[in-house]
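Q: No letters, just coordinates:
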């Protein structure tokens, strides 16, 4: 079934729900799923609506244009996504392989609705993993200078028509111009329960602070390191039996799970960003 | 704010959402929250809709009658609940006090939107707890015979105009005529992760089976013991260090949490029963 | 059964375990439970040993003196606790009642091996709860000045021979002289997953940061606010549906559970502090 | 560092701990880690002791023989494992690939202290995955008859000198003679929280029962299907939004995690079986 997914947000006001559902119903669409959320604190309305478009009588462009008219009338910000378009996703890595293995296995399992045309790294170490999954691997070492390296990364992302960049333990900080250009389209995994232990060596610092749980956070990358909108987090119980190295080992599972879950939410068009927060609609399967 | 909450279910068909939201919007109601779920396996549609009725221009009865007409046209089963009516809830206990303490504390904390006009028991043991919270305590011992005892319980529930019966570790099996009369209005807590360890002594059996997690289940009581529709479940990790007695101790926290959560969902009109399953809508706070 | 519990720590070295167990075995004691931990990162050895002392042939003092000799030879820091001494625990509160209800209910349930001779507050609000559980309530308002108020608190703790102070959402910062005098004997509950959201209004800040989990932390109070050794932490999954107020409501359950668990670990002599971290030995029940 | 690990169990009696630690200490071994557990319900003592054997002055055989003498005197059942011997592990699969991917990725990551000389299947489907990780793949279809097929599996396990068989969603029931021969050396993953939903189609049955959590169980295979000693379990929260197919998808993560955790515990010699239960000692890392 080909579907259209509309993501909508606006200041809260009466009647948006009835108007939007009426709009689609009046045009004969079957609404497969409709989720709304009103943030009563921010007075903001959020909505995700999924349509069956198999029998649509008009062009996609026409539907989008008609909806644009309604949206402009009601003051909605919105985007429309078509289920038969596969997101093109690039994975950036450095030396740690656990998140890469996890994403590639899930991809082969059919869990991720995306194409992965390439893997990019600043180190050659993970080329073997890319080979194993037959995905082209591009290595741009930092030796050529940070700026130049980043330019090459940007170029290749453009050349491959990439929609989404996943930083799967890529140990480089992106420049503001990069995060700016790719706003809302870069997902990073941080190996701590943000905002605790921002920055480097979170497991070591977790050990020193003597925490009884560790965590991981997947978020959209923003100019300020580890400050972007959070998509998903999880924690695991730990105890005094783990050294910093042990925490790092144990944390891997949490990182994999959290990153995969955030990537899925993005690929399934279930995330709306507002200010520095996200609405993540649940999934029906 | 006075609210009306409609709980709706029907076979899945096109346009219910647009029709229902249109119905309320057309009459000038502000829809505070609208949640739907389509069970694609059962082809069944579920909906919860919460209206601001502070400015309603008509009587409650009139609104319900008009909605009944729409419902009949669309083939909807439905119920309507008004937020200014406080559910009258009776708690039935035997000897274990942990769930009772928990419910009464939450009630005093304002977490449960209900009145608790009485506590009923088949043992005198917990009268002190009832006294502590100044709630009338009625003790109907089993010595007078199961049938007679149950009759007395039924009588007093009627006399106190009770809407919801909570079995907070009440160690008696109710007769089919009781569960029948009170269908969908008795919540029981079972001290195991159903359907594992139905029936008696679940902690002992959990120990013997050597499980690594134990759990608790809150469900509507039905004729068949521990077979009714599940509202909430949770589990806790355990290990070889716990004896049957230890599991029982550790399990208490899980039982309290699960029962309270199920009772809240019921009181907030977030549960719809279909066959032997429940749809439990999430809560915005 | 009367038991003795020895808590031991020392720099790691060969043979401590064999020497200590040999010491008790040689004197005819049955070792009920023996737990050790070597922190390979800090090169530090920790041990908890539980003895059956029902048939002891000597005085308690004699046993402690003999052990002191061994400890001095092996370079051990240690303490000894006798199971028939009930810890005297004071609870300090302000206005929030959920942790107080929880601790008092658990106390009545027999979960906490302690006497609670008094509750202290800087507000009169919770006197009713204290009355309900028939525990003397002392109110020392801040109006008389912070220093004077704290002096009164200290006095009464001394007068009642208190061993352990539990800050159950006591909204005052203790002076360094207080935390110093009571080092390792004050347990505080912080309503966030430390080190995230130290200080005031953690739920509001959690909302603003858009986290997907919230947590609670029980720790020994130290001079630096929210910096003391952590005993227990837990987290709960939240989502965009919760306002700051909603997070606060939902977080209560986590706070109660974490505080109770930390207090139990302390009362059962399962906690050893080293630097700013704790070893918390597990419990067999 | 080369280590020896002793796993010990016996009826509970005074002095075992002191005797065993004294035995090793007297021979100059450094005890790296010593864990005991007394099951007070079964009156049974369990112990795991890890020695540094880098400087051992005697042969391994001599140490084992000396220990055997002590064990016979004290009435201990025991086994000894040497850290420089790598367990040889075979993985059996059918068509589902998620557990296989997970185990092989973890193996490459260095998480599993084992060699995996072969993968066996009754279907050709997963040959590609085996190839990807360069592990020999043997396909023995059921078409040749169950008995004959099993004989071939047994033969090849012997030929490859296999120590541990992991059933990673192998959809065949093993014959009693097989489970008998391999007792305590076959780990199976069941896709439900046992003892709930034993047997076929657990996710479908979980849907029908309307559970709010699903789980997975790793256990040693025994003659009775899904009845063997449980090593590890975990659960995940689900809700009405998941169809049977959705539960199956969501459950995969739980299955992978639980199986990997059980396999690790076995490979690290942290599991002792007693009757139908396991003691699983925790890990220091």
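A: Nice, thanks for sending it over. Here the structure is a predicted model, which means the values were calculated and not measured.

Q: Is chain C within reach of the helix or strand harbouring residue A:266?
A: Assigned by DSSP states H and E, residue A:266 belongs to helix A:244-267. Yes: Helix A:244-267 reaches chain C (Cβ under 8 Å from any Cβ of the partner chain) through residue A:244. C-beta: built from backbone N, CA, C; applies to glycine.

Q: What segments of chain A are strands?
A: For chain A, applying DSSP state E gives strands covering A:3-11, A:30-39, A:44-52, A:77-82, A:87-93, A:114-121, A:137-139, A:164-167, A:186-190, A:213-220, A:230-237, A:271-274, A:277-280.

Q: if you compare those strands, which one is most tucked away?
A: Comparing the strands of chain A by mean neighbour count (mean count of other Cβ atoms under 10 Å in any protein chain shown), strand A:213-220 comes out on top with a mean of 27.

Q: so that strand versus helix A:244-267, what angle?
A: 40 degrees (axes from the mean of the first three to the mean of the last three Cα atoms, to 10 degrees).

Q: Now do the contacts for residue A:274.
A: Residue A:274 is in contact with A:9, A:39, A:42, A:44, A:46, counting by Cβ atoms under 8 Å, 6 or more residues apart in numbering or on different chains.

Q: can you tell me the average pLDDT over stretch A:87-100?
A: For stretch A:87-100, the mean per-residue pLDDT is 98.

Q: wait, stretch A:169-176
A: Here stretch A:169-176 scores 94 as its mean pLDDT.

Q: same check, this time on stretch A:117-127
A: 98.

Q: what residues does it touch?
A: A:88, A:90-95, A:97, A:100, A:130, A:135-142, A:149, A:153, A:156-157, A:160, A:162, A:170-172.

Q: Just the buried ones from these?
A: The neighbour-count criterion (16 or more other Cβ atoms under 10 Å in any protein chain shown) marks A:88, A:90-94, A:97, A:100, A:130, A:135, A:137-138, A:140, A:149, A:153, A:156-157, A:160, A:162, A:170, A:172 among the contacts of stretch A:117-127 as buried.

Q: buried stuff in the helix holding residue A:266?
A: Buried, per 16+ other Cβ under 10 Å, within helix A:244-267: A:244, A:246-267.

Q: what's the answer for stretch A:203-214, then?
A: A:203-207, A:209-214.

Q: now it, how far from the chain's geometric center?
A: Its chain's C-alpha centre and that of stretch A:203-214 lie 27 Å apart, by Cα atoms, centre = their mean, to the nearest Å.

Q: so how far does that stretch reach from one end to the other?
A: 8 Å (Cα to Cα, to the nearest Å).

Q: That stretch near chain D anywhere?
A: No: applying Cβ under 8 Å from any Cβ, one finds stretch A:203-214 separated from chain D by no less than 11.4 Å.

Q: what sits up against that stretch?
A: Residues contacting stretch A:203-214 (Cβ under 8 Å, 6+ apart): A:191-193, A:196-197, A:235-240, A:242-245, A:247-248, A:250-251, A:254, C:41, C:193-195, C:215, C:229-235, C:276-278, C:280.

Q: And for stretch A:57-70?
A: Contacts of stretch A:57-70 (Cβ under 8 Å, 6+ apart): A:4, A:6, A:19-20, A:23, A:27-28, A:53, A:56, A:76, A:78, A:80, A:82.

Q: Turn those residues into a markdown table, including distance to chain D.
A: Below are the contacts of stretch A:57-70 laid out as a markdown table (distance: Cβ to the nearest Cβ, whole Å):
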| residue | distance to chain D |
| --- | --- |
| A:4 | 20 |
| A:6 | 19 |
| A:19 | 26 |
| A:20 | 21 |
| A:23 | 25 |
| A:27 | 27 |
| A:28 | 26 |
| A:53 | 22 |
| A:56 | 25 |
| A:76 | 25 |
| A:78 | 24 |
| A:80 | 23 |
| A:82 | 23 |
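
Q: Between all of the residues you listed, which two are at the greatest distance?
A: Maximum pairwise distance in these, criterion Cβ to Cβ, is 22.5 Å, between A:19 and A:82.

Q: min pLDDT across the contacts of stretch A:57-70, which one?
A: Lowest confidence among these: residue A:56, with 86.

Q: Now for that residue, how many residues are close by?
A: Close neighbours of residue A:56, defined as other Cβ atoms under 10 Å in any protein chain shown, add up to 16.

Q: Could you tell me which residues of the stretch 101-250 of chain A lie near chain C?
A: Checking the stretch 101-250 of chain A against chain C by Cβ under 8 Å from any Cβ, the hits are A:193-197, A:207-213, A:215, A:229-235, A:239-241, A:243-244.

Q: In contact with residue A:90, which residues are there?
A: So residue A:90 contacts A:116-120, A:157, A:160, A:162, A:164-166 (Cβ under 8 Å, 6+ apart).

Q: let me redo that: residue A:75
A: Here residue A:75 is in contact with A:10-11, A:13 (Cβ under 8 Å, 6+ apart).

Q: Go again with 6 Å.
A: For residue A:75, the contacting residues are residue A:10, by Cβ atoms under 6 Å, 6 or more residues apart in numbering or on different chains.

Q: May I have the phi/psi pair for it?
A: Per-residue torsions, residue A:75: phi 80, psi 40 (degrees, to the nearest 10).

Q: Let me see the contact set for residue A:35.
A: A:48, A:281.

Q: hey, what's it bridged with?
A: On the basis of DSSP bridges, residue A:35 is bridged to residue A:48, residue B:35.

Q: Next: residue A:6.
A: Under the criterion used (DSSP bridges), residue A:6 bridges to residue A:49, residue A:80.

Q: Next, find the distance separating it from residue A:284.
A: 16 Å (Cβ to Cβ, to the nearest Å).

Q: Quick one: residues in contact with stretch A:228-239.
A: Contacts for stretch A:228-239 (Cβ under 6 Å, 6+ apart): A:193, A:213-215, A:217-222, A:254, A:258, A:261-262, A:273, A:276-278, C:210, C:212-213, C:235.

Q: neighbours around the one residue in the stretch 51-200 of chain A that gets nearest to chain C, how many?
A: Residue nearest to chain C within the stretch 51-200 of chain A (Cβ to the nearest Cβ): residue A:196, separated by 3.9 Å. Residue A:196 sits with 24 neighbouring residues when counted by other Cβ under 10 Å.

Q: Give the full set of residues in contact with it.
A: Residues in contact with residue A:196 (Cβ under 6 Å, 6+ apart) are C:195-196.

Q: chain center to stretch A:161-169: distance?
A: 9 Å.

Q: That stretch and chain D in contact?
A: No: figure legend: stretch A:161-169 not in contact with chain D (Cβ under 6 Å from any Cβ of the partner chain); closest approach 12.6 Å.

Q: any idea how far the residue nearest to residue A:105 when sequence neighbours are not counted is from residue B:154?
A: In this structure, residue A:105 finds its nearest non-sequential neighbour in residue D:101, 4.0 Å apart by Cβ to Cβ, 6 or more residues apart in numbering or on different chains. Distance from residue D:101 to residue B:154, counting by Cβ to Cβ: 57 Å.

Q: what about these two, which has more around it?
A: residue D:101 (24 against 17).

Q: so that one makes contact with residue A:106?
A: No: counting by Cβ atoms under 6 Å, residue D:101 does not reach residue A:106; the two are 8.5 Å apart.

Q: Number of residues surrounding whichever residue of the stretch 1-150 of chain A sits closest to chain C?
A: Going by Cβ to the nearest Cβ, chain C is nearest to residue A:41 of the stretch 1-150 of chain A, at 4.3 Å. Neighbour count for residue A:41, taken as other Cβ under 10 Å: 14.
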